[in-house]
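Asks: next comes the sequence, and after it the predicted model I'd like to discuss.
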Amino acid sequence: MNDSQLTRRQMLHSSFVAAGVTALSATFNNASAGQPKVKLQQGDVILFQGDSITDARRDRKSEGQANNSRGLGYGYPLFIAGNLLEEHPNLELNIYNRGISGNKVPDLQKRWQKDCLDLKPAVLSILIGVNDMWHKMNGRYNGTIKDYQTGFTALLQETKSALPDTRIVICEPFALRCGAIKETWFPEFDQRREVAKEVAQAADAMWVPFQTMFDEAIAAGTKPEYWAADGVHPTLAGHTLMAQTWRKIVI
């Protein structure tokens, strides 16, 4: 199709998408300000932690094997791992996924020694928070925003004490307005996102703005369902965008 065949609507849409891409680039730059990207070393362990978004149907039987595609699941950790292993074949990286579906901050605390500290990651990426809200909305949990903040802070303090050289990456919890996400989630979920950012800053952790990323992608002309059909669990496109964003900021 040549330029003369473009409709006014298509031209406006193209401009909107381009503006969104520019906005996303600015977001990445702001998010990484003051935080140098990770420089990988020989034999580094990279660990992904979180709930079902990170879990992505990984094979528990393979979780002990670094770089195992089944053990890494079908989401953003797999995509990130594949990129890093392809780019750094001589570093002998060891990449693991220990996300567990349904987990909240208290669940991470219960298994932190075995599933994090014992692995001694050089890079630790954590995405947690949506279940702390979702289970509360379903009447299965009564944790408050303060509980989320206190528990998350304690988790990071324990990690920094045990592993002072580990680079910690905190990913912004996100919820898109579609599927299972109702207006009753707000403004509390937004307040919880702010708490996650405050906890990350207090721990001098890197911050990956997933909610901001999705909001700007939607503003650029796509429906929220395109990125996460139920508002929480990413589609293939959603996981891919998450992986790209994580890479631009972290490594």
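Replies: Thanks, I have the structure now.

Asks: need the contact list for the residue nearest the centre of the chain.
Replies: Centroid check for the chain by C-alpha atoms, centre = their mean gives residue 171 as the closest residue, at 4.1 Å. Residue 171 sits next to 50, 125-127, 208, 210, 246 when contact means C-beta atoms under 8 Å, 6 or more residues apart in numbering. Quick note: C-beta positions are derived from backbone N, CA and C, even for glycine.

Asks: buried stuff in stretch 217-234?
Replies: 217-218, 220-221, 224-229, 231-234 (16 or more other C-beta atoms under 10 Å).

Asks: ok, so of those, who is nearest residue 106?
Replies: Relative to residue 106, the closest of those is residue 232; by C-beta to C-beta it sits at 19.1 Å.

Asks: what about that closest one, distance to residue 111?
Replies: Residue 232 is 22 Å from residue 111, where distance means C-beta to C-beta, to the nearest Å.

Asks: got TSV for the buried residues of stretch 217-234, with pLDDT too?
Replies: As requested, the buried residues of stretch 217-234 are arranged in TSV below (pLDDT from 0 to 100):
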residue	pLDDT
217	97
218	98
220	96
221	95
224	98
225	98
226	98
227	98
228	98
229	96
231	97
232	97
233	97
234	98
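
Asks: reformat those as TSV; add distance to residue 45 and secondary structure.
Replies: Shown next, in TSV, are the buried residues of stretch 217-234 (distance: C-beta to C-beta, whole Å; DSSP: H, G, I helix; E, B strand; the rest coil):
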residue	distance to residue 45	secondary structure
217	31	helix
218	35	helix
220	36	coil
221	39	coil
224	34	helix
225	36	helix
226	34	helix
227	30	helix
228	29	strand
229	33	coil
231	32	coil
232	28	coil
233	27	coil
234	25	strand
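
Asks: what are the ranges of the strands in the protein?
Replies: For the chain, strands defined by DSSP state E occupy the ranges 45-50, 94-97, 123-127, 167-171, 206-208.

Asks: now do the shortest one: which elements does it pack against?
Replies: Okay, so that is strand 206-208. strand 167-171, helix 188-202, helix 236-249 (3 or more C-beta pairs under 8 Å, 6 or more residues apart in numbering; DSSP states H and E).
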